[in-house]
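[1] What would the 3D arrangement of this be:
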Amino acid sequence: MKHLLLLLLAPVLVFADDKAGPVFRIQRLDPALDAVLPPDAVVEKLAEGYRWAEGPVWFDGGVVFSDVPENIIHRWEPGATGAKIFRQPSGGAPSAPAFREPGSNGLARDAEGRLILCQHSMRRIARLEKDGKETALADRYDGKRFNSPNDLTIAKNGDIFFTDPPYGLAKGEKSPIKELTFSGVYRLSGGKVTLLTAELRYPNGIALSPDEKTLYVNTSDPRAPYVHAYDLQPDGTLAKHRVFFDVTPALRNGPGLPDGLKVDRAGNVWTSGPGGILIISPAGKHLGTILTGVPTANCGWGEDGGTLFITAHKYLLRVKTETKGAGW
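    Model prediction:
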């Protein structure tokens, strides 16, 4: 009864789209949410009009994000009205009929401030250099081309962990250009690609805990919509595996499956899922959800490290948090 009363009395804050679009609100499931998302938090719409916005990352004073089907990276800057094209094509190839989604997907920033891209149509992890050229970091495992690298996270020592489902390929798992029989989770270290696990179906978002002892991996599998957790060993390999969080009970919140995820400095996991961004404590307790009303792809912190940017279908959103992203 106490838990029920908390749900009934919990504040729900609403941001209404003046063009009769979705209503953004915050669902508070536990009082502990107040420590990371303030009671007066407001979800702001910064830009819209994208086919599938993904991979927001703070880069050079603004946030850049992918529109995967359109093969474009957009950029939004503080004070701007809407976003502008930052890079086109973003996936490495201007025309790619063999790809359902040819553009870049997940994005990250390395220790030197350079943009690291998961590129679907080039089927690789690449780095954007200061002069605008791209450097391929990895495009094969065991001599075979990747499927379509989806998302990534970078460790403090520079190692890149990434996922490789077939989402970018036309016909997906049945694509005639698919060379690998599995969807892997990999580590790129010193130019060498190591397969960490091939046991997951549709691995997607990926993130490290603040102490880098746990690797989180989402599966966008309607039959197993889980946030997985692996113990990360000092040599970069994986050990004990567990299901950290099952999003099945949240399916009633709206459309969507686990996609991108990030971790804050306190170890809370902020993952896209049914209805928006689910906020989960380090112990695996669902504290609340930023409800967007649309399938939601990813999120990431920027500005002073306490602002969460969210890519939700055709929208770029922003909400101020009480916490900061891991690494800020």
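[2] what are the ranges of the helices in this protein?
    Here the chain has its helices, by DSSP state H, at 2-9.
[3] Poorly predicted segments of it, please.
    Within the chain, the segments meeting pLDDT under 70 span 1-20, 95.
[4] which residue is nearest the middle of it?
    Gly260 (2.4 Å; C-alpha atoms, centre = their mean).
[5] What's the local residue count around the closest residue to that one other than its chain neighbours?
    Of all residues not flanking Gly260 in the chain, Asn298 sits nearest, at 2.9 Å (C-beta to C-beta, 6 or more residues apart in numbering). Yep, even glycine has a C-beta here, placed from its N, CA and C like the rest. By the measure other C-beta atoms under 10 Å, the count of residues near Asn298 is 29.
[6] do the same with Ala224
    Residues near Ala224, counting by other C-beta under 10 Å, number 17.
[7] who's in contact with the nearest residue to it once chain neighbours are set aside?
    In this structure, Ala224 finds its nearest non-sequential neighbour in Arg201, 6.9 Å apart by C-beta to C-beta, 6+ apart. Going by C-beta atoms under 8 Å, 6 or more residues apart in numbering, Arg201 touches 183, 219, 221, 223-224.
[8] Tell me the spacing between the residue nearest to Gly260 and Tyr50.
    12 Å (C-beta to C-beta, to the nearest Å).
[9] Now do the phi/psi pair for the residue nearest to Ala224.
    Note on Arg201: its backbone torsions stand at phi -90, psi 120 [degrees, to the nearest 10].
[10] from now on call the first residue 291
    Sure, I'll start counting at 291 from here, so that last one is Arg491.
[11] which residues do Asn588 and Tyr340 both contact?
    Thr601.
[12] Distance of the residue nearest to Gly550 relative to Gly578?
    Asn588 is 18 Å from Gly578, by C-beta to C-beta.
[13] How about Val553?
    Applying C-beta to C-beta, the value for Val553 to Gly578 is 16 Å.
[14] Then Gln378?
    Distance, Gln378 to Gly578, by C-beta to C-beta: 37 Å.
[15] so what's Trp591 up against?
    348, 552, 554, 597-599, 611, 614-615, 618.
[16] Just give me the neighbour total for the residue nearest to Pro328 when sequence neighbours are not counted.
    Leaving aside its chain neighbours, Pro328 sits nearest to Glu612 (5.3 Å; criterion: C-beta to C-beta, 6+ apart). Using other C-beta under 10 Å, Glu612 has 15 other residues around it.
[17] cool, and Phe452?
    Around Phe452 there are 28 residues (other C-beta under 10 Å).
[18] isn't it right next to Ile444, touching?
    No: judged on C-beta atoms under 8 Å, Phe452 makes no contact with Ile444 at a distance of 9.5 Å.
[19] just to revisit the earlier point, Gln378 and Gly578 - which one has more neighbours?
    Gly578 (22 against 14).
[20] Does that one touch Gln317 like I think?
    Yes: taking C-beta under 8 Å as the definition, Gly578 is a contact partner of Gln317 at 5.5 Å.
[21] Each with direction, which strands does the strand ranked longest in the chain pair with?
    Assignment by DSSP state E gives strand 528-536 as the longest strand of the chain. Using DSSP bridges, the strands paired with strand 528-536 are strand 516-522 (antiparallel).
[22] Please list the residues outside the partner strand that contact it.
    The contact list for strand 516-522 (C-beta under 8 Å, 6+ apart) reads 486-487, 490, 498, 502-509, 528-537, 548, 551, 559, 561, 570.
[23] Next: stretch 469-487.
    By C-beta under 8 Å, 6+ apart, stretch 469-487 touches 415, 427-428, 430-432, 434-437, 448-456, 488, 490-493, 496, 505, 507, 520, 526-528, 531.
[24] Now do that stretch: distance from first to last residue.
    End-to-end span of stretch 469-487 (C-alpha to C-alpha, to the nearest Å): 17 Å.
[25] What residues of that stretch count as buried?
    Within stretch 469-487, the residues scored as buried using 16 or more other C-beta atoms under 10 Å are 470, 472-479, 483-484, 486-487.
[26] Run the chain-centre distance for it.
    19 Å (C-alpha atoms, centre = their mean, to the nearest Å).
[27] now Lys503, nearest residue through space, not along the chain?
    Lys503 sits nearest to Leu522 (C-beta to C-beta, 6+ apart), 5.7 Å away.
[28] how close does that neighbour sit to Leu505?
    In terms of C-beta to C-beta, Leu522 sits 5 Å off from Leu505.
[29] Between those two, which contacts overlap?
    498, 528.
[30] hang on, His410 packs against Phe389?
    Yes: at 5.7 Å, His410 and Phe389 qualify as touching, with contact defined as C-beta under 8 Å.
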